[in-house]
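Engineer: got a sequence here, can you build the structure:
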Amino acid sequence: MIELISQAVLGLLSIYVLFKFIQSIQLVPTQRAYVVERLGNYHKTLGPGFHALVPFFDKVQYKQDLREETIEVEPQECFTRDNVKVEVDGVIYLAVIDPVNASYGITNYRFAAVQLAQTTTRSIIGKMDLDDTFEDRAIINKEVVNVLSEMEKAWGIRVLRYEIKNIYTPKTIQNAMERQMTAERNRRATIAKSEGIMQSTINDAEGEKEEIINKSEGEMQRQINEAEGVAEEIESIAEATAVSIEEIAEALSHDKGKEAMQMRLAEQYISQLSKLASDKNDVIIPKDVTNYDAIMSGLSLDKISIVPVESDLKKGT
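Structural biologist: So this is what the prediction gives:
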């Protein structure tokens, strides 16, 4: 009986020793750190990989995750500088950078970080008005990160960022803010409408002014064009007259030129007499029909400038 008991105890001891040997083998994953104590004192920190410890002497006391982790900050009541109660919650993003200090520097760095973030948030919001808390969230986030960063070395952590999730206000404050926003939108709409009307009036006036200017410039250009056309016409007539006079002068300088010109003048004289009597029953004859040579001599080139045609005409029935 005693032998059976001793064999059972020996078997249990063997199993326990085997368990301890197996337990002394540690496989540390990536981005993990195991803190090992030997006989109750800190001995070393195990990094990723395979490790064999001394059974009964070494013990993995803490296992730290080195990855970035997210910690929720529960909603808390805060009072702004203008005595408005709000509830604020947020999120902390941090990571362990020193496994030893994270294990021995503080009992629970997560709980401590949340508490410090809440107290810092209450302190900052207490210095701000309600409207500023909505507009200056980045300032609040930055201040919380700065305060938590002061404890990085002691706690073995690094606070990467802090973000405010929500800022809750009482229902009465929300209604007042909605009325204020509605009034502000109406004010902006009224200003925008008046500015639109003013701009439309300015545009109409500018359009009318441009139209008047264009009409005046068009009228001025038309008058200029007409004047230039008249001037060109006069110039052309003058040039044509000068050319015809030169041709007449040249023709008169030749032999029989004067006789031809005198015959031409006689033809025109008779033609004019025919025109005067063409549309009437009147008969127009010269003063002295029998003296044809005198009439023709009056149409000579030497006297053509002083012979009045109407004085040589007589109307009769």
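Engineer: could you pull out the strands for the stretch 51-200 of the chain?
Structural biologist: Per DSSP state E, counting those that start in this stretch, the stretch 51-200 of the chain carries strands over the ranges 58-65, 69-79, 85-96, 157-168.
Engineer: specify the angle between the longest helix along the chain and strand 85-96 in degrees.
Structural biologist: In the chain, taking DSSP state H as the definition, the longest helix is helix 171-252. Interaxial angle, helix 171-252 versus strand 85-96 (axes from the mean of the first three to the mean of the last three Cα atoms, to 10 degrees): 80 degrees.
Engineer: against A154, how distant is E37?
Structural biologist: 21 Å (Cβ to Cβ, to the nearest Å). C-beta: built from backbone N, CA, C; applies to glycine.
Engineer: who has more neighbours, those two?
Structural biologist: E37 (16 against 13; other Cβ atoms under 10 Å).
Engineer: which residues does the nearest residue to that one once chain neighbours are set aside contact?
Structural biologist: Counting by Cβ to Cβ, 6 or more residues apart in numbering, E37 lies nearest to Q61, which is 4.5 Å off, once chain neighbours are set aside. Contacts for Q61 were tallied using Cβ atoms under 8 Å, 6 or more residues apart in numbering; they are 35-37, 103.
Engineer: any idea how this protein splits into domains?
Structural biologist: According to automatic domain parsing, the chain comprises the domains 2-65, 69-169, 256-316.
Engineer: show the buried residues in the contacts of Q61.
Structural biologist: Among these, the ones that count as buried by 16 or more other Cβ atoms under 10 Å are 35-37, 103.
Engineer: which of these fall within helices?
Structural biologist: With DSSP H as the criterion, helices contain S103 from among these.
Engineer: in the buried ones among the contacts of Q61, find the pair that's most separated.
Structural biologist: Within the buried ones among the contacts of Q61, two members stand farthest from each other by Cβ to Cβ: V36 and S103, at 10.7 Å.
Engineer: check the burial of the residue nearest to L39 when sequence neighbours are not counted by counting its neighbours.
Structural biologist: Sequence neighbours aside, F57 is the residue nearest to L39 in space, at 6.0 Å (criterion: Cβ to Cβ, 6+ apart). By the criterion of other Cβ under 10 Å, F57 has 12 neighbours.
Engineer: what's the answer for A112, then?
Structural biologist: 17.
Engineer: go on, the one 3 residues further on?
Structural biologist: Other residues within reach of Q115 by the criterion other Cβ under 10 Å amount to 12.
Engineer: just to check, the residue nearest to L39 is in contact with G40?
Structural biologist: No. F57 lies out of contact with G40 (Cβ atoms under 8 Å); the separation is 10.2 Å.
Engineer: what about the longest helix of the chain, average pLDDT?
Structural biologist: In this model, helix 171-252 has a mean pLDDT of 84.
Engineer: next, the angle from that helix to strand 157-168.
Structural biologist: Here the directions of helix 171-252 and strand 157-168 differ by 90 degrees (the same axes, to 10 degrees).
Engineer: N203 and T190, how far apart?
Structural biologist: 20 Å.
Engineer: how about V17: what's its closest non-neighbour residue?
Structural biologist: With Cβ to Cβ, 6+ apart as the measure, P55 is the residue that lies nearest to V17, at 7.4 Å, once sequence neighbours are left out.
Engineer: quick one, phi/psi of that neighbour?
Structural biologist: Main-chain torsions, P55, degrees, to the nearest 10: phi -60, psi 150.
Engineer: what's the neighbour count on it?
Structural biologist: For P55, the neighbour count with other Cβ under 10 Å is 16.
Engineer: contacting residues for it?
Structural biologist: 17, 20-21, 23-24.
Engineer: and the contacts of the helix or strand hosting G11?
Structural biologist: Per DSSP states H and E: G11 is located in helix 2-23. With Cβ under 8 Å, 6+ apart as the test, helix 2-23 has contacts from 55-56.
Engineer: any idea how far that helix is from the middle of the chain?
Structural biologist: 82 Å (Cα atoms, centre = their mean, to the nearest Å).
Engineer: got the angle for it vs strand 58-65?
Structural biologist: Using the same axes, to 10 degrees, one finds that helix 2-23 and strand 58-65 are set 40 degrees apart in direction.
Engineer: does anything pack onto the helix or strand just after helix 2-23? Which helices or strands?
Structural biologist: Counting by DSSP H and E, the element after helix 2-23 in chain order, helix or strand, is strand 25-28. Secondary-structure packing of strand 25-28 (3 or more Cβ pairs under 8 Å, 6 or more residues apart in numbering; DSSP states H and E): strand 49-52.
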